[in-house]
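A.B. asks: What would the 3D arrangement of this be:
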Amino acid sequence: MRPALEVADIFRRHGDTFRTAQGARLTSKQRRVMTAIELCRTAALGGHVEQCDDCGLVRISYCSCRDRHCPKCQGLARAQWLADRKADLLPVCYFHVVFTVPAPIAAVALQNKAVVYDILLKAAAETIRIIGADPKHLGAETGMIAILHSWGQTLTHHPHAHFVVPGGGLAPDGRWVGCRPNFFLPVHVLSSLYR
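C.D. replies: Have a look, this model is predicted:
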């Protein structure tokens with residue numbers, strides 16, 4: 001069932017105004033993605049006609065843009081990715097840890113995305129690894145998965161990384177060390193080292 005409002009609807013309604021207002025701040029790639037989403041599953045991309053031999057009902061199915069950023073096209077891929085990650089889960093609790101950068105560094109990231117995002121992810125992962133391995137805290141090597149977001153909920157540039165971390169890890173002797181219930185690592189210690 002089609003939702004009441006889709007990203008494509010918003011782009012079709014307000015895309016031209018947005019592109020004009022953003023001017024050169026939008027890259028050619030961002031413009032291509034917007035256009036692909038606007039055209040997705042419309043007559044502009046072509047399609048095919050299906051007709052029932054019994055009742056004569058005709059249904060037109062339009063082609064998709066197949067862009068990796070398109071929410072309609074990537075629904076199945078997203079569901080498969082989530083199922084694959086769920087299969088990897090250990091039977092332990094997990095924690096959501098978020099790392100961000102201050103506004104001046106976020107501004108630098110706009111012109112140096114690859115470098116700044118790489119530093120953000122490496123520094124955050126190293127922070128979890130170092131504090132987790134410290135015997136004063138967890139005393140174990142923990143795993144993690146990270147997802148980089150470059151925009152915030154208000155659709156403004158806000159680079160940050162979400163980490164999903166199991167509630168424990170492997171001690172140097174190979175045994176499992178679980179964290180305390182509902183507590184992974186002290187936030188003030190993590191943020192101090194990350195800074």
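A.B. asks: Toward the C-terminus from the worst-scoring helix or strand of the chain on mean pLDDT, list the very next helix or strand.
C.D. replies: Using mean pLDDT, DSSP states H and E, helix 75-88 stands out as the lowest-scoring helix or strand of the chain, at a mean of 84. Per DSSP states H and E, helix 75-88 leads on to strand 94-100 as the next helix or strand towards the C-terminus.
A.B. asks: can you list the residues that contact that following strand?
C.D. replies: 120, 123-124, 127-128, 158-167, 184, 190, 194 (C-beta atoms under 8 Å, 6 or more residues apart in numbering). For the C-beta atoms, the positions are set from N, CA and C on the backbone; glycine is no exception.
A.B. asks: Give the pairing partners of that strand; include direction for each.
C.D. replies: Sheet pairing of strand 94-100 (DSSP bridges) gives strand 157-166 (antiparallel).
A.B. asks: what comes up buried for the strand it pairs with?
C.D. replies: 158, 159, 160, 161, 163, 165, 166 (16 or more other C-beta atoms under 10 Å).
A.B. asks: Tabulate those (TSV), appending distance to residue 102 and pLDDT.
C.D. replies: Formatted as TSV, the buried residues of strand 157-166 follow (distance: C-beta to C-beta, whole Å; pLDDT from 0 to 100):
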residue	distance to residue 102	pLDDT
158	11	83
159	10	88
160	11	91
161	14	93
163	19	95
165	23	93
166	29	93
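A.B. asks: can you redo these as TSV with distance to residue 133?
C.D. replies: Below are those laid out as TSV (distance: C-beta to C-beta, whole Å):
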residue	distance to residue 133
158	30
159	26
160	24
161	20
163	16
165	13
166	14
